[in-house]
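Engineer: With the input below, show me the fold.
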Amino acid sequence: MKRLPDHPNLDQLKKQAKDLLSGYRRNDPDALARFRDALPLAAGRDDAAIAALGLRLHDAQSCIAREYGFASWTELGTYVAARRAFSTDRATLVLNWLRLVYPGDIAGGTSRASPAAAARLLEDQPELTAGDPWLACAIGDTVAIAAAVNRDPGWVNRPGGQLNLPPLVAVTHSGLVRLPAYRDRLHAAAKLLLDAGADPDQSVWSRWPPASLAEPSTEHRLSALYGAAGQNRDPQMTRLLLDAGADPNDNESLYHSLESPDVTRLLLAAGARIEGTNANYRVFDLDNLESLRVLIDFGKREQPPIDWSLPLLFAIRRGRSVAHVEALLAAGADPRVRSRDDTSAYGLALRYGLTDVADLLRRETGAEPLSEEESFVAACAAGDEDEARRIQAGRPDLPASLPEARLKMLPELAANGRDAAVRAMVRVGWPIEVKGGDWGASALNLAVFRGDAGLARFLLEQGADWRSQHGFGDNVCGTLSWASNNEPEPDGDWLGCAEALVAHGMPRGEPDPEGSGDVVIDGKRRRFSDDVAEFLLSRT
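Structural biologist: Residues are numbered from 1 along each chain as shown. Here you go, the predicted structure:
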């Protein structure tokens with residue numbers, strides 16, 4: 001692993017990435033070898049195969065980050081920014097570090113924890129946590145924690161430190177538990193505190209905006225268990241707390257645990273109730289069949305047992321698989337359930353282009369006649385443009401005469417990544433600016449959010465407007481800003497989206513005159529990922 005200089009400079013690291021990319025484009029053997037050694041996408045490929053990948057700046061940045069021991073360019077950038085922000089003011093230094101250890105709902109703000117950056121900073125400043133028992137909790141320093149308990153047994157239940165955290169909350173919410181070097185230490189720290197009498201239900205009020213560290217929420221409590229099960233999804237720490245009597249019904253832990261079926265099982269076995277948590281809906285935001293089966297198994301034991309009929313409709317809306325629907329039907333979901341607008345599950349599956357799910361439901365309930373309007377929508381959702389045009393030949397008023405709820409299927413399907421359906425709809429005359437989805441957005445907003453450059457380009461070619469506002473009061477440029485930084489889809493191409501937007505009328509940007517690193521577009525300052533920002537500031 002390469003070592004960063006004592007005073008790392010992000011501009012120099014960006015230059016390294018650009019130089020690496022330049023070498024790659026020249027088919028330089030050393031550059032190709034570096035990608036092969038560091039970038040998972042290129043691992044095991046020969047030079048010709050790596051050259052054919054068409055790697056871009058974000059790939060070079062990822063390669064550079066991994067060479068320095070970071071999982072992503074974002075983590076490397078976070079480390080460098082925090083390292084350069086260190087000052088002689090110890091309180092500021094410690095607070096900067098804590099905001100890497102803990103997520104925004106604990107440390108105040110909207111950022112995620114960056115444990116790799118926090119660990120590297122601690123390597124540079126090993127004395128950082130000395131003499132502070134609450135900082136000892138963040139890193140699992142059991143010697144310092146035991147000394148604090150011996151001095152004052154009541155300390156184990158007393159909030160304190162710069163984040164005003166009870167000790168057990170400081171341990172269980174620490175993102176460092178995700179790193180092998182700290183995991184056992186933090187487990188031991190949690191056990192030490194519990195053995196010393198720490199209340200397993202210690203909690204704090206959320207500091208997520210509009211709340212803050214200075215003025216926490218008075219509505220949302222975050223328990224120690226939520227840190228272990230919902231934030232860090234750590235089975236061993238979750239088990240420690242549950243064995244000590246932590247309440248599994250804290251309104252947060254089960255809902256957020258679903259990405260880890262093992263943690264979900266522990267919570268349910270300890271008495272967590274599914275009803276009232278929305279976990280039976282949240283599970284369909286994830287493509288995780290195992291988590292659904294865990295909920296189904298335990299849902300049978302609740303009194304009354306969980307009724308999966310309405311969640312069946314939500315699963316269809318989220319575009320889940322036949323296997324998901326089969327599991328729900330086996331659990332007793334009523335295949336004849338109808339939505340608020342009196343659409344059957346079968347009809348809803350067709351409306352979302354899930355023809356295989358619709359076939360399954362039809363076998364359960366029998367054939368159901370569809371109106372011409374519903375047949376038209378179903379044909380479009382399935383990407384069957386020929387059938388849609390056949391219906392349209394006898395009904396030239398379609399799609400214009402469809403009710404608003406049906407017209408909203410365009411953004412709904414764009415949100416689900418149903419590319420063929422969206423293209424068919426637009427080509428048969430669907431109003432391209434109709435708003436829908438979870439946040440009242442146009443199909444273009446949703447395509448850009450997902451980093452679907454091909455679909456974004458198609459929509460722009462068909463007349464979609466980058467100025468189209470979404471439900472959060474911003475336009476597609478704002479969507480590009482948020483998504484390029486947060487990468488909500490693992491394979492999104494936000495640089496390609498930026499290129500398409502500029503080619504269809506979105507202005508390029510100007511550097512923020514105050515030197516913030518933001519890009520000023522249409523009079524508004526925005527932050528983009530480095531590769532997107534570089535393109536938006538270029539003049540070629």
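Engineer: After the strand or helix carrying residue 138, which helix or strand is next? Please name it.
Structural biologist: According to DSSP states H and E, residue 138 maps onto helix 133-139. Per DSSP H and E, helix 133-139 leads on to helix 142-151 as the next helix or strand towards the C-terminus.
Engineer: What average pLDDT does that next one get?
Structural biologist: For helix 142-151, the mean pLDDT works out to 97.
Engineer: list the helices and strands it packs on?
Structural biologist: helix 133-139, helix 180-195 (3 or more CB pairs under 8 Å, 6 or more residues apart in numbering; DSSP states H and E). The way it works is simple: take the backbone N, C-alpha and C, and place the C-beta from them, glycine included.
Engineer: so can I have JSON lines of the ones you listed showing distance to residue 155 and mean neighbour count?
Structural biologist: Formatted as JSON lines, these follow (distance: least, CB to CB, whole Å; neighbours: other CB atoms under 10 Å):
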{"stretch": "helix 133-139", "distance to residue 155": "7", "mean neighbour count": "25"}
{"stretch": "helix 180-195", "distance to residue 155": "10", "mean neighbour count": "19"}
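Engineer: Which of those sits closest to residue 208?
Structural biologist: helix 133-139 (19.2 Å; CB to CB).
Engineer: State the distance from residue 215 to residue 205.
Structural biologist: 9 Å (CB to CB, to the nearest Å).
Engineer: scratch that, residue 493 is what I was asking about
Structural biologist: Counting by CB to CB, the gap from residue 493 to residue 205 is 40 Å.
Engineer: Look at those two and report which has more neighbours.
Structural biologist: Using other CB atoms under 10 Å as the criterion, residue 493 and residue 205 rank with residue 493 on top: 19 against 16.
Engineer: show me what contacts the more buried one?
Structural biologist: With contact set as CB atoms under 8 Å, 6 or more residues apart in numbering, residue 493 has these partners: 451, 452, 453.
Engineer: burial count for the second one?
Structural biologist: If I follow you right, that is residue 452. Residue 452: 24 neighbours (other CB under 10 Å).
Engineer: list the contacts for it?
Structural biologist: 417, 419, 492, 493, 497.
Engineer: Most neighbours among those, please name it.
Structural biologist: Neighbour-wise, the contacts of residue 452 (other CB under 10 Å) top out at residue 497, 29 neighbours.
Engineer: from what I can see it touches residue 480, true?
Structural biologist: Yes: at 5.9 Å, residue 497 counts as touching residue 480 under the criterion of CB atoms under 8 Å.
Engineer: Overlap of the contact sets of these two?
Structural biologist: In contact with both residue 497 and residue 480: residue 448, using CB under 8 Å, 6+ apart.
Engineer: quick one, phi psi at residue 222?
Structural biologist: Dihedral pair for residue 222: phi -120, psi 110, per degrees, to the nearest 10.
Engineer: let me fix that: residue 420
Structural biologist: phi -60, psi -40.
Engineer: For it, give its distance to residue 383.
Structural biologist: Applying CB to CB to residue 420 and residue 383 gives a distance of 3 Å.
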